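In: Sequence below, structure please.
(one chain, ligands or ions: 1)
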Amino acid sequence: MIKEAGKYLFIFFVLTILYSCHVQNRDENPVIPVIFDTDMESDVDDVGALAMLHALADSNEIEILGVMVCAENPWSILCADRINTYYGRGDIPLGQLKKPGVNRESLYAQQVAEEFPGTLASSVDAMDAVAQYRKLLASQPDTSVVILTVGYLTNLRDLLSSVPDHFSLLSGKDLVKRKVKSWVCMGGMFPSGREANIRWDTDASIEVVNQWPSAIIFAGWEIGNMDTAHGIPGLPEDCPVRRAYESFGRIPHKSWDQVATLYATRGLENGPASGFWKLSPPGQIFIDANDGSNTWTEDANGVHRYLIQMASDEEIASEINALMMHVPE
Ligand SMILES: [Ca+2]
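Out: Below you'll find the predicted structure:
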C-alpha cells in the first residue's frame, strides 16, 4: 500500500515538473500574433512568405491573425485563401482592399485560385481590409500585434485614417498606437534607392511613414536580393506554393518578402534568428513624391530603422528554405 502511494507521488512529482517546464517555455517563447499584408500578384515571393508563416504557425511560434490583400487584382485574395486552406487554416480572417489601388497582373494567382480548393468564392465576398484590421486589432491585447507588410501601403494608409466604429471607439491611428507592437515593412532601399512596394502607391507610402504613431522597421530591397526556393519542385503536386512558383516560372527566385517574414517572426528581439541582422541607427525615411524613390537621414530622435544584414546569404537562405519546404501533416 505504502509502495503504491509512493509510486503515485512520484508520478505526481514528474507531471508537476513537466507542467512547470511547459509553462516556463511558453512564457519564454510567447506565440507572436501576426497580421500579414500582401500584394500576392506581380511577384511570387509573397507566396513563399505565406508558406513560411504557416510553417511557423505549425511550430507554435506565431499565430496568423489575418491575411490582408493590398492589391486590386481579384485573384490575389483567392490565391492566399487556397494556400491557407492547404495548410489547414482556411478559417484565417481575410481582408481585401476595396477602394481603388494598385492593379497589376499575376502569372500565378488565378491558376492557384482556380485549381485548388478553398473557402472564399470571390474577392467581392471578402471583408473590407480596413474593417478587418480594426476588428482584429481591437480583439488583441495592448502592444501585442506584429504587422508584416510585403506589398503596397494602401491598406495601412486607410487604416490610419479610419474612424471609430462598432469594433473600436478609437481612431485608426490610436488603435494602431494601442495594439501594435511592431511594424516590419518590406519596402524601400537603404540607404537610398527606388523600390516597388513604396513607389507603386507613393502617396499612400508618404502618408503612412509620416503618420504612423510608433516605430517602423524596414527590410529593404538590398537584404532580400538573395535566391531561395531551390527545392520547390520537390514539394507535393497538390501544394499550391509549388504551383505558384512553377507558374511564375523562376526557380530559384529572390526573397524580399521571405527575409522580412523571417525577421518579423524569428528575428525580433531575442528570437533565434535575431543575429542575422542588426538595426540601423534611428533615423527617418524620406520618400520623393515625384518618383517614389527614398533616401535616409540619421536622426537620434527618429522612429524609423532599417535592417543591416550580418549573417551570410547562405545562412539566411537555408532558414527560409527549411520553412518554405514545410509540408503540413
Ligand atoms: Ca510582395
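In: Looks like Gly188 contacts Ile198 (just checking).
Out: Yes. Taking contacts as C-beta atoms under 8 Å, Gly188 lies within contact range of Ile198: 5.4 Å. Placement of C-beta: from N, CA and C, glycine included.
In: what touches both of the two?
Out: Asn294 (C-beta atoms under 8 Å, 6 or more residues apart in numbering).
In: what about Leu50, helix or strand, and which?
Out: For Leu50, the element it lies in under DSSP states H and E is helix 45-58.
In: Can you name the element that comes right after that helix?
Out: Counting by DSSP H and E, the next helix or strand C-terminal to helix 45-58 is strand 62-69.
In: between the helix or strand just after that following strand and strand 62-69, how big is the angle?
Out: Sequence-wise, the next helix or strand downstream of strand 62-69 (DSSP H and E) is helix 76-86. Interaxial angle, helix 76-86 versus strand 62-69 (axes from the mean of the first three to the mean of the last three C-alpha atoms, to 10 degrees): 160 degrees.
In: Run the angle between helix 76-86 and helix 45-58 for me.
Out: Going by the same axes, to 10 degrees, helix 76-86 makes 30 degrees with helix 45-58.
In: elements contacting helix 76-86?
Out: helix 45-58, strand 62-69, strand 94-96, helix 109-115, helix 240-248 (3 or more C-beta pairs under 8 Å, 6 or more residues apart in numbering; DSSP states H and E).
In: what does that helix contact?
Out: By C-beta under 8 Å, 6+ apart, helix 76-86 touches 38-41, 47, 50-51, 54, 64, 67, 69, 90, 92, 94, 96, 106, 108-110, 112-113, 116-120, 122-123, 126, 238-241, 244, 328.
In: Helix or strand for the residue in the stretch 201-329 of the chain positioned nearest to the ion, just tell me which one.
Out: Of all residues in the stretch 201-329 of the chain, the one sitting closest to the ion is Asp257 (4.8 Å; C-beta to the ion). Using DSSP H and E, Asp257 falls within helix 256-262.
In: Then Leu137?
Out: Assigned by DSSP H and E, Leu137 falls in helix 129-138.
In: Next one: the helix or strand just after that helix, is it in contact with the ion?
Out: Next along the chain after helix 129-138, taking DSSP H and E as the criterion, comes strand 145-149. No. Figure legend: strand 145-149 not in contact with the ion (C-beta under 5 Å from the ion); closest approach 8.7 Å.
In: Which stretches in the stretch 151-300 of the chain count as strands?
Out: 180-186, 193-194, 216-219, 227-228, 253-254, 277-279, 283-287, 293-298 (DSSP state E, counting those that start in this stretch).
In: out of those, which comes closest to Ser139?
Out: Of all the strands of the stretch 151-300 of the chain, strand 180-186 sits nearest to Ser139, with 13.3 Å by C-beta to C-beta.
In: tilt between that closest one and strand 283-287?
Out: 50 degrees.
In: Against which helices or strands is strand 180-186 packed?
Out: Strand 180-186 packs on strand 145-149, strand 216-219, helix 256-262, going by 3+ C-beta pairs under 8 Å, 6+ apart.
In: Run the contact check for the second one versus the ion.
Out: When you say that, I think you mean strand 216-219. No. Applying C-beta under 5 Å from the ion, one finds strand 216-219 separated from the ion by no less than 11.3 Å.
In: quick one: average pLDDT of that strand?
Out: Strand 216-219 carries an average pLDDT of 98.
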